[in-house]
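S.K.: take this sequence and fold it.
(one chain, ligands or ions: 1)
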Amino acid sequence: MSARTALITGGTSGIGKATAELLHARGYRVAVTGQGAESVARARAELPDEVLVLQSDVRRLAAIDEAVSEVGQRFGSLTTLFLNAGVSRPMTLETFDEAAYDEVFAVNTKGQFYTLAKALPLLSDGAAVIVTVGIGATRSLTGNSVTAGSHGAFLGMIPTLALELAPRGIRINAVSPGFTDTPMTRASLGRTSSDAAAAMAAIAAKNPFGRLAETEDIARTVAYLASDDAAYVTGQEILVAGGAGLAV
Ligand SMILES: NC(=O)c1ccc[n+]([C@@H]2O[C@H](COP(=O)([O-])OP(=O)(O)OC[C@H]3O[C@@H](n4cnc5c(N)ncnc54)[C@H](OP(=O)(O)O)[C@@H]3O)[C@@H](O)[C@H]2O)c1
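M.R.: Purely as a prediction, here's the structure:
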């Protein structure tokens, strides 16, 4: 079997980091990116030594070029691309912030699209592309309209991208987490760790399975979509949310 290789954007924290650990454990050569020096340093210390950790901001096309070029030199080609770098900036119509609005779309929509475009020459025929969207893109959550719209914009591209990539046997699918226990979730739910813990307990109490998602729940779904078990699956969205959002 030829070497399996993966590039994970936003792989220095949360869902991306858990996916890096899982794919590495399953024999992939893995590269991850993050944008902050601190998270990159932490990921270098915490991820297995063989995982390539790069600092690269998906808002900058030149930075995407550099990261893709570095991965190309190290791996030669990619069998998996996990477009997962993302930010969440809660705001309402009354509390909107133009800079935060632009940042959310620059990372969650434009950054994903351009990373796919720039990485395309590296993708081997039959490769798998997975994109993190989120249950919020299709369900209501107060204050989430802008983040939801940025993820929903990419979700809307997926059917077209799937058909554009199909002649090379490349599949593209979205994974949509429900509330997942990550640094992003904790930061967005409370100013103090006890506020965040109380908000997470309230969310868990309303979930049909009685808990938030663990990062590993999402990582295992990404690993499935990356694998040959999903060889005939493209253009789809899988919600990993423990039944959240199903009730009328
Ligand atoms: N957690 C949830 O409940 C949930 C639910 C639905 C969807 N999601 C989506 O899942 C994805 C991952 O979220 P998470 O919860 O795992 O968050 P997280 O722990 O905050 O991780 C986000 C990752 O994205 C990276 N990133 C942010 N801005 C970037 C940029 N400009 N360039 C490159 N990398 C950047 C971060 O790097 P730095 O740390 O260096 O900034 C980090 O590695 C996001 O798209 C998020 O919207 C999360």
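
S.K.: for the lowest-mean-pLDDT helix or strand in the chain, buried residues please.
M.R.: Scoring the helices and strands of the chain by mean pLDDT, DSSP states H and E places helix 183-189 at the bottom, with a mean of 91. Within helix 183-189, the residues scored as buried using 16 or more other C-beta atoms under 10 Å are 184, 185, 186, 188, 189. Where you see a C-beta, it was placed from the backbone N, CA and C, and this is true even at glycine.

S.K.: excluding covalently adjacent residues, which one is nearest to the third one?
M.R.: It refers to residue 186. In space, residue 186 comes closest to residue 196 once its chain neighbours are excluded; the distance is 4.4 Å by C-beta to C-beta, 6 or more residues apart in numbering.

S.K.: local confidence estimate at the most centrally placed residue in the chain?
M.R.: Nearest to the geometric centre of the chain sits residue 84, at 2.0 Å (C-alpha atoms, centre = their mean). At residue 84, the model reports a pLDDT of 98.

S.K.: for the protein, which segments count as helices?
M.R.: Here the chain has its helices, by DSSP state H, at 14-25, 37-46, 61-75, 98-105, 112-119, 145-165, 183-189, 193-206, 215-226.

S.K.: deepest-packed of those, please.
M.R.: helix 14-25 (a mean of 23; mean count of other C-beta atoms under 10 Å).

S.K.: mind checking the longest strand of the chain?
M.R.: What stands out as the longest strand in the chain, according to DSSP state E, is strand 123-132.

S.K.: what's in contact with that one?
M.R.: Here strand 123-132 makes contact (C-beta atoms under 8 Å, 6 or more residues apart in numbering) with 2, 10, 15-16, 77-84, 86, 112, 116, 151, 154-155, 158, 161, 165, 168-177, 218, 222, 225-227, 230.

S.K.: check the offset of that strand from the chain's centre.
M.R.: 13 Å (C-alpha atoms, centre = their mean, to the nearest Å).

S.K.: which one among the buried residues of helix 183-189 gets closest to the ligand?
M.R.: Of all the buried residues of helix 183-189, the ligand sits closest to residue 184, with 3.3 Å by C-beta to the nearest ligand atom.

S.K.: quick one, what contacts the closest one?
M.R.: Here residue 184 is in contact with 13, 14, 86, 87, 88 (C-beta under 8 Å, 6+ apart).
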